[in-house]
Each structure stands twice: as C-alpha cells, then as structure tokens.
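Chemist: Sequence first, predicted coordinates after that:
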Amino acid sequence: MSTDRDAAAFDLDGAWELDSRVSIRPERFGALLYHFGTRRLSFLKSRTMLAAVQALTDHPSARAACARAGVAQAELPRYRAALAALAASDMIHPRSV
C-alpha cells in the first residue's frame, strides 16, 4: 500500500511507462489493469487517470502526461499518489530515456 511518503517521493518529472506485462481494460469508471507477471489487479477510478497512464510513454515526464490528460495543477497531489501506488505495485516503472 502506498503511503503519503511514497507519493511525495514519486518523481513527477521523471519518465515513466506502463510495464510491458500489464494489460489495460477500459471501463466506464476508468479501467482495470492486470499485471501478468505479478498477477495483481489495479483499478483506475477515472477516465482522466486512464488517459494519464496511457500518455506516460509518449511524454517526457509523468507531469507532462498528467497535463496532457487534463489534470489541473490543484489535482496533481492526488494523481501523484495514484501513480506512486501504481509504481509500488510494479504496474508502471521508470523509463530509460
């Protein structure tokens, strides 16, 4: 489980990507993510979060991916915490640039 400390340590300015073993299933509420390596399931609770996760690979940073998805500056702490939780569960990982 991600803590506030983990969220604060998540590097929004770093390059991130979805793990290649993760499958995304869009849903009305957001999406389901399934990691075939760890057999973990994660829920994305909004379409905006789904858009941010899908944008990670195409943008130089998680911050840029969030901006592209329409995340307002005031919402960034909440999205940072969600991305930190995804990183802690190996759904996303740092990307080599």
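Modeler: Arrived safely, thanks for sending. Residues are numbered from 1 along each chain as shown.
Chemist: pLDDT wise, what is the nearest residue to Ser89 once chain neighbours are set aside at?
Modeler: Nearest residue to Ser89 in three dimensions, chain neighbours excluded: Arg40, at 5.5 Å (C-beta to C-beta, 6 or more residues apart in numbering). In short, each C-beta sits where N, CA and C put it, glycine included. According to the predicted model, the pLDDT of Arg40 comes to 95.
Chemist: Next: the one 4 residues further on.
Modeler: At Leu44, the predicted lDDT confidence score is 97.
Chemist: ok, it - contacts?
Modeler: Residues in contact with Leu44, defined by C-beta atoms under 8 Å, 6 or more residues apart in numbering, are 30-33, 50, 53, 82.
Chemist: looking at the residues you listed, which has the most residues close by?
Modeler: Within these, neighbour counts (other C-beta atoms under 10 Å) peak at Val53, which reaches 29 neighbours.
Chemist: Contacts only, for Asp19.
Modeler: Shown here is Asp19, whose contacts under the criterion C-beta under 8 Å, 6+ apart are 35, 37, 90-93.
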